[in-house]
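Q: Quick one: sequence and predicted model below, then my questions.
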Amino acid sequence: MSKIFLKIAIINLSKYLKYEYRVNVNQFRIVDGN
């Protein structure tokens, strides 16, 4: 039960971190472009 919850939490965290990374990269590109 706890292992399944841990796997779900890790998957959600990795998705969140990937999303945050994309947003940061996009903002950096926009700032760098201007």
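A: Now that the structure is in, tell me what you want to look at. Residues are numbered from 1 along each chain as shown.
Q: Now do the helices in this structure.
A: Counting by DSSP state H, the chain has helices at residues 2-33.
Q: low pLDDT regions in it?
A: 1, 30-34 (pLDDT under 70).
Q: Work out which residue lies at the spatial centre of the chain.
A: Most central in the chain under C-alpha atoms, centre = their mean is Leu17, positioned 1.9 Å from the mean C-alpha point.
Q: For Ala9, the count of nearby residues, please.
A: Neighbours of Ala9 under the rule other C-beta atoms under 10 Å: 10. The C-beta positions use only the backbone N, C-alpha and C, and glycine is treated the same way.
Q: The one 3 residues further on now?
A: When neighbours are counted by other C-beta under 10 Å, Asn12 registers 10.
Q: For it, give its distance to Gln27.
A: Asn12 sits 23 Å away from Gln27, going by C-beta to C-beta, to the nearest Å.
Q: got it, and Ser2?
A: 37 Å.
Q: Give me the more crowded residue out of these two.
A: Shown here are Ser2 and Gln27; by other C-beta under 10 Å, Gln27 has more neighbours (10 against 6).
Q: how much space between that one and Lys18?
A: Taken as C-beta to C-beta, the span from Gln27 to Lys18 is 15 Å.
Q: Who are the contact partners of Arg29?
A: Arg29 makes no contacts at all, as judged by C-beta atoms under 8 Å, 6 or more residues apart in numbering.
Q: mind starting the numbering at 4 from now?
A: Done: numbering now begins at 4, and the last item shifts to Arg32.
Q: Let me know how buried Leu9 is, in neighbour terms.
A: 10.
Q: for the one 10 residues further on, same thing?
A: Neighbouring residues of Tyr19 were enumerated by other C-beta under 10 Å; the total is 10.
Q: got it, and Val28?
A: Close neighbours of Val28, defined as other C-beta under 10 Å, add up to 10.
Q: Then Phe8?
A: 9.
Q: Distance check, it against Asn29.
A: As for Phe8, its distance to Asn29 is 32 Å (criterion: C-beta to C-beta).
Q: now swap in Ser17 and tell me
A: Taking C-beta to C-beta, one finds Ser17 at 19 Å from Asn29.
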